[in-house]
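Trainee: please work out how this folds:
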Amino acid sequence: MKTLNLHCDYINFKALKKALKSVDEIAPNQKLEGEAKDCLVVLTAVEKSDTKESAGKLVENIKDIAKKVGTSNIVLYPYAHLSSNLGKPETAVSILNEAAKKLKGFNVTQAPFGYYKQFEMKVKGHPLSELSREIISGTEGSPMDAKMETSCHLVYETARKMLGEEFISISETGDGKATLNWKNIKKDIDDKFLSKLEKEVNKNLEADLSITIESLERKKALKKCGGFYDDVVPKKFDEVRVVSIGNLPPEPCIKPHVSSTKEIGSKIKINGFEKVGEGSYKIKISIDKGNEEEPELTEKERLQMWKKMSKVKMQAPRGNNDMKSNVELGRDLDLYIVNDVVGKGLPLLTPKGAAIKREIERFIVDEELKRGYEHTSTPIIAKSDLYKISGHWQHYKDDMFTLDVGGKDYALRPMTCPFQFVLYKRKPRTYKDLPKKYAEIATLFRKEQSGELRGLTRMWQFTLADAHILCTPDQLEEEFKGVMDLIKYVMDTFGIEVWYRFSKWDSKEAGKKYIDNPKAWEATEASMKKILDKLGIKYKEAIGEATFYGPKLDLQYKDVYGKEDTLITLQIDFAASEKFNLTYKDKDGKEKHTMIIHRSSTGATERVISYLLEKTQGNLPLWLSPVQARVMSMNENVEDHAEEIKQRLISEGIRTEIDNTRESIGKKARNAIVDKVFYLVTVGEKEKADGKIAVRARDSKEITIMTVDEFIEKAKKEIAERK
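Mentor: You can find the predicted model right below:
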C-alpha cells in the first residue's frame with residue numbers, strides 16, 4: 001500500500017463518472033461528493049500484496065501523522081495513480097472501510113471508490129504537510145526485512161529452476177543475513193553448485209525482475225505453488241499470499257517484499273552450506289552492502305551527542321541501613337561513569353577507578369605466577385566454529401554478542417576456555433607435562449538482560465581473572481585443593497566474606513540448558529561433593545544453577561540491597577576434554593583425556609571493586625586507594641615546595657595529588673576526607689623550614705610530624721603488606 005498524506009486547509013471533491021462498471025456491487029451507497037476543512041487527506045493505493053492486516057497498519061500511520069500535524073479530521077481518498085501494482089477492487093474497498101471503522105475518535109470522510117473524480121484542495125505550507133508512506137504487509141516491516149526476504153525467495157526459486165525439482169525452503173532472516181532451511185532435495189548440494197547458483201541469482205537481480213504478490217484463498221494459493229506447502233504454511237491462514245519473481249516458480253509467503261529485484265540494491269552472497277540430514281541443507285546468504293557509506297551526522301545530531309557525552313546519569317537508591325551502592329560511590333568518588341553515547345553496561349573507568357583495577361590485577365598475576373600458573377593472551381573474538389566445538393554456540397548463543405564478518409559468523413568471547421584449549425593442543429602432551437595451568441586477565445563479553453545491568457555489578461563487558469587447569473584424574477583432588485587455597489588467600493587479603501553454593505544440573509533441562517549426559521553429570525557431581533566434603537567446606541546445594549557443561553562451586557555474597565550474587569566460581573568440566581580431544585600420553589603409553597578445572601581467583605575485577613566499595617563505603621585500604629596521599633599547602637609561599645613533595649612521592653610509587661587552592665587548610669582537609677584520600681599531608685612554612693611534613697590518616701585525628709623519607713618508608717611498607 002502506498003499513501004500520500006496531505007495536511008490541508010480544505011478539500012472539495014465530486015464524483016464525475018464510473019471508472020469501474022461493477023462499482024455499485026463492490027461499494028454500494030457511497031457518498032459521491034463532500035468537503036472537509038483543516039484535514040488530513042490520505043491519498044491511498046491498495047496493492048496486490050495487501051491483506052486484511054493492512055487496514056490496521058494504515059490506521060496506525062494515519063494516527064501518527066494526525067497527531068503530529070494536530071488534526072482530528074481525516075479524508076480517506078482512493079487514488080490509484082500512486083501504484084502500478086494495484087490490488088483487487090474488492091480488497092481495496094474492504095481495507096478502506098475497515099480503516100474508517102478503526103479510526104474511532106476522528107471525523108472521517110470517505111471519497112468514493114471506483115469513480116473518476118474532480119477535487120480542489122489547499123495544502124498547508126509546514127514541513128509535515130506532505131508525507132508519503134509505504135505500508136508493507138507481513139510479520140515485519142523494515143526495508144532490510146523486505147530486501148532480505150526477497151533475496152531468500154530469489155535464491156530459493158532460482159535453485160528450484162536450476163535443479164529442476166520441487167523442495168521446501170524455510171528462511172530465517174535478521175541483520176542483513178539469512179539461513180535457508182532446504183528439505184526434501186534429491187540431488188546433492190556442494191560448493192560448486194552454490195557458486196553457479198550465486199552467479200545466476202545475481203544475473204536475475206541485475207535483470208530487475210518484477211515481483212508480483214497476490215492474496216488467494218489458501219487451497220488455490222498452495223495449488224499454484226506446487227501443492228507441497230500444506231504442512232509449511234500455518235493452518236490459521238485462510239488467505240495466503242503468493243510471491244512470483246519474473247518467470248521463476250511462485251512461492252507462498254506472509255513476510256514483506258520489495259517490488260522488484262533491483263530494489264535489493266546490492267549483490268547477494270551465498271556464504272556456505274551445512275548438510276543437516278538426508279536431503280536437508282542449511283544455506284547461508286547475505287546482502288553485500290559494498291561500499292555503501294553511512295550518512296554523516298547533521299550539526300544538530302552532533303550537538304546532541306556532545307551534550308550527552310557531558311552528562312553522567314548515574315542514579316541508584318540507598319541500600320540497607322542507608323548504605324551507598326557502587327553506582328553512587330563510583331559517581332561521587334569519580335571512579336567510573338556510564339554514558340548514553342557509549343551504551344548501557346559499558347562503564348568507563350576514570351584514572352582513579354583504573355588504579356584500583358590495576359592493583360587488583362597486578363596482585364593476582366604475581367600470586368598466580370608464584371603458584372605455577374602460566375599466563376596467556378588470547379583474542380577477544382573468534383569464528384563460530386570454535387564455539388560450536390565447545391558447545392557455547394548451541395547452549396549459550398543467546399547470551400553472546402555475534403557478528404557477521406564477510407558473511408561468516410563470529411562472536412566476542414564470553415569466556416577464555418576454548419582459546420586456552422587450542423593453546424594446549426599446539427603440541428603433544430604426556431603425563432609429565434601435567435598439570436598445565438593456564439591463566440589470563442581476560443576481557444569478556446556477555447549479553448546480560450538490559451534490565452539487569454547495574455554499575456560494576458552487571459555489565460556487558462568485564463574483566464575476569466580466568467584460568468583452566470588440565471590434569472590427570474589422580475591430580476584432580478590436589479589441584480582443586482590448590483585452587484581453594486588460592487581463593488582463601490585472596491579472600492583474606494581483600495577481607496571478602498562469602499558463603500559456598502554447590503551448583504548442580506537439573507535433569508529436566510537435559511539437552512536444552514545442559515549437555516544431555518546423565519551418567520557424566522552424576523559422576524562429576526559425586527566427585528566434586530567428595531572433594532568438598534573432604535576439605536570440610538560447608539555449602540548449600542542449588543539445583544539448576546550449574547553451567548551447561550558441569551557442576552560448580554560458587555562463592556556467593558550479598559550487595560547493599562541484600563541481593564545475592566556470585567563473586568567467584570570453580571567448575572569441574574566433564575565435556576570439553578572430549579569435545580576438543582585434550583589428551584596426554586599416560587605412563588602406560590595410552591592416550592587419555594585430561595580432567596579440567598575452570599576457575600577464577602579474584603572473579604570479575606569490576607564486581608570485586610563493586611563489592612569492596614560497598615563494603616568499605618569507599619574507605620579502601622591504602623594499597624587499593626586510588627589517591628594514597630594528598631599534599632596540601634598552607635599558603636602560596638609553600639606551593640612550589642608542596643609540588644616538589646608531590647613529585648617525590650609519585651617517583652616512589654605512591655599515588656599522590658596536590659591541593660594548592662586558596663581554600664583554608666580545614667576546608668582542604670574536609671575535601672580530602674570526602675574524597676576518601678588515605679593520607680593527608682600538610683606543608684606550611686614551619687614544615688618547610690624544618691624539612692618535615694604533617695601527616696594525618698583519613699580515619700584518625702592524630703597528626704604526626706615526620707620527614708618525607710620517613711613517610712615514604714612507612715607508606716611503602718603498608719602498601720607492600722596490603723593491610
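Trainee: which regions of the stretch 101-250 of the chain sit below the pLDDT cut-off?
Mentor: The model of the stretch 101-250 of the chain has pLDDT under 70 over residues 127, 134-144, 174-176, 227-228, 236.
Trainee: ok, the chain next?
Mentor: Low-confidence regions of the chain, defined by pLDDT under 70, span residues 127, 134-144, 174-176, 227-228, 236, 254, 256, 289-295, 451.
Trainee: domain parsing of it, as residue ranges.
Mentor: Residue ranges for each domain of the chain read 2-134, 143-287, 320-375+426-616, 622-721, as given by automatic domain parsing.
Trainee: got these as a markdown table, with mean neighbour count and distance to residue 298 columns?
Mentor: All C-beta atoms are positioned from the backbone trio N, CA, C, and that covers glycine. As requested, the domains of the chain are arranged in a markdown table below (neighbours: other C-beta atoms under 10 Å; distance: least, C-beta to C-beta, whole Å):
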| stretch | mean neighbour count | distance to residue 298 |
| --- | --- | --- |
| domain 2-134 | 17 | 15 |
| domain 143-287 | 17 | 21 |
| domain 320-375+426-616 | 18 | 16 |
| domain 622-721 | 17 | 39 |
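Trainee: what's the closest non-adjacent residue to residue 44?
Mentor: residue 3 (5.1 Å; C-beta to C-beta, 6 or more residues apart in numbering).
Trainee: with residue 373 instead?
Mentor: Leaving aside its sequence neighbours, residue 373 sits nearest to residue 439 (C-beta to C-beta, 6+ apart; 4.1 Å).
Trainee: a strand runs through that neighbour, doesn't it?
Mentor: Yes - with DSSP: H, G, I helix; E, B strand; the rest coil as the criterion, residue 439 is part of a strand.
Trainee: that one contacts residue 372, correct?
Mentor: No - contact criterion C-beta atoms under 8 Å: residue 439 and residue 372 do not qualify, at 9.8 Å.
Trainee: ok, back up a step: might you report the residue contacts of the residue nearest to residue 373?
Mentor: Taking C-beta atoms under 8 Å, 6 or more residues apart in numbering, we find residue 439 in contact with 365, 368, 373-376, 465-467, 601.
Trainee: hmm, back to that, helix, strand, or coil at the residue nearest to residue 44?
Mentor: Put simply, residue 3 is strand when judged by three-state DSSP.
Trainee: can you name the residues bridging to it?
Mentor: Residue 3 has the following beta-bridge partners by DSSP bridges: residue 44, residue 133.
Trainee: and the gap between it and residue 88?
Mentor: Distance, residue 3 to residue 88, using C-beta to C-beta, to the nearest Å: 18 Å.
Trainee: over to residue 332?
Mentor: For residue 332 relative to residue 88 (C-beta to C-beta), the value is 67 Å.
Trainee: re the thing from before, quick one: residues contacting the residue nearest to residue 44.
Mentor: Counting by C-beta under 8 Å, 6+ apart, residue 3 makes contact with 42-45, 58, 61, 82, 132-135.
Trainee: show the contacting residues for residue 506.
Mentor: When contacts are counted by C-beta under 8 Å, 6+ apart, residue 506 touches 513-514, 543-544.
Trainee: ok so residue 537 is a strand residue?
Mentor: No - counting by three-state DSSP, residue 537 is not part of a strand but coil.
Trainee: next one: phi and psi at the residue nearest to it when sequence neighbours are not counted?
Mentor: Excluding the flanking residues, the one nearest residue 537 by C-beta to C-beta, 6+ apart is residue 500, at 5.6 Å. When quoted as degrees, to the nearest 10, the phi and psi of residue 500 stand at phi -100, psi 140.
Trainee: what's the spacing between residue 500 and residue 448?
Mentor: The spacing between residue 500 and residue 448, counted by C-beta to C-beta, is 24 Å.
Trainee: and stretch 375-391, end to end?
Mentor: Using C-alpha to C-alpha, to the nearest Å, the end-to-end distance of stretch 375-391 comes to 25 Å.
Trainee: mind listing the helices for the stretch 1-150 of the chain?
Mentor: Counting by DSSP state H, counting those that start in this stretch, the stretch 1-150 of the chain has helices at residues 23-26, 53-69, 89-102, 143-163.
Trainee: among those helices, which comes closest to residue 534?
Mentor: Smallest distance to residue 534 across the helices of the stretch 1-150 of the chain (C-beta to C-beta): 57.1 Å, for helix 143-163.
Trainee: so residue 595 sits against residue 477, correct?
Mentor: No - using C-beta under 8 Å, residue 595 is not in contact with residue 477; the gap is 10.0 Å.
Trainee: could I have stretch 44-55 exported to PDB, CA atoms only?
Mentor: Only the C-alpha atoms of stretch 44-55 are listed here, as PDB (Å, rounded to 0.1, in the frame of the first residue of the first chain):
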ATOM      1  CA  THR A  44      -4.400   5.700  -0.900                       C
ATOM      2  CA  ALA A  45      -3.500   3.000  -3.400                       C
ATOM      3  CA  VAL A  46      -4.200  -0.600  -2.200                       C
ATOM      4  CA  GLU A  47      -1.700  -3.100  -3.800                       C
ATOM      5  CA  LYS A  48      -1.700  -6.800  -4.600                       C
ATOM      6  CA  SER A  49       0.300  -7.700  -1.500                       C
ATOM      7  CA  ASP A  50      -2.100  -6.000   0.900                       C
ATOM      8  CA  THR A  51      -4.300  -8.100   3.200                       C
ATOM      9  CA  LYS A  52      -6.800  -7.600   6.000                       C
ATOM     10  CA  GLU A  53      -4.000  -6.600   8.400                       C
ATOM     11  CA  SER A  54      -3.100  -3.700   6.100                       C
ATOM     12  CA  ALA A  55      -6.100  -1.800   7.500                       C
END
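Trainee: what helix or strand is the nearest residue to residue 661 once chain neighbours are set aside located in?
Mentor: Distance criterion C-beta to C-beta, 6+ apart; nearest residue to residue 661, sequence neighbours excluded, is residue 668 at 7.0 Å. Per DSSP states H and E: residue 668 is located in helix 665-674.
Trainee: what's next to that helix, contact-wise?
Mentor: Contact partners of helix 665-674, identified using C-beta under 8 Å, 6+ apart, comprise 630, 632, 634, 659, 661, 663, 680, 682, 696, 698.
Trainee: distance of the residue nearest to residue 44 from residue 609?
Mentor: Per C-beta to C-beta, residue 3 is found 55 Å from residue 609.
Trainee: contacts only, for residue 305.
Mentor: For residue 305, the contacting residues are 297, 341, by C-beta under 8 Å, 6+ apart.
Trainee: just the CA trace of the helix or strand harbouring it, in PDB.
Mentor: Counting by DSSP H and E, the element that carries residue 305 is helix 299-309. Output of helix 299-309 as PDB, limited to C-alpha atoms (Å, rounded to 0.1, in the frame of the first residue of the first chain):
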ATOM      1  CA  GLU A 299      25.200  19.500  13.000                       C
ATOM      2  CA  LYS A 300      22.100  19.100  15.200                       C
ATOM      3  CA  GLU A 301      22.800  15.400  15.800                       C
ATOM      4  CA  ARG A 302      26.400  16.200  16.600                       C
ATOM      5  CA  LEU A 303      25.500  18.900  19.200                       C
ATOM      6  CA  GLN A 304      23.000  16.400  20.800                       C
ATOM      7  CA  MET A 305      25.800  13.800  21.000                       C
ATOM      8  CA  TRP A 306      28.200  16.300  22.600                       C
ATOM      9  CA  LYS A 307      25.600  17.200  25.200                       C
ATOM     10  CA  LYS A 308      25.000  13.500  26.000                       C
ATOM     11  CA  MET A 309      28.800  13.000  26.400                       C
END
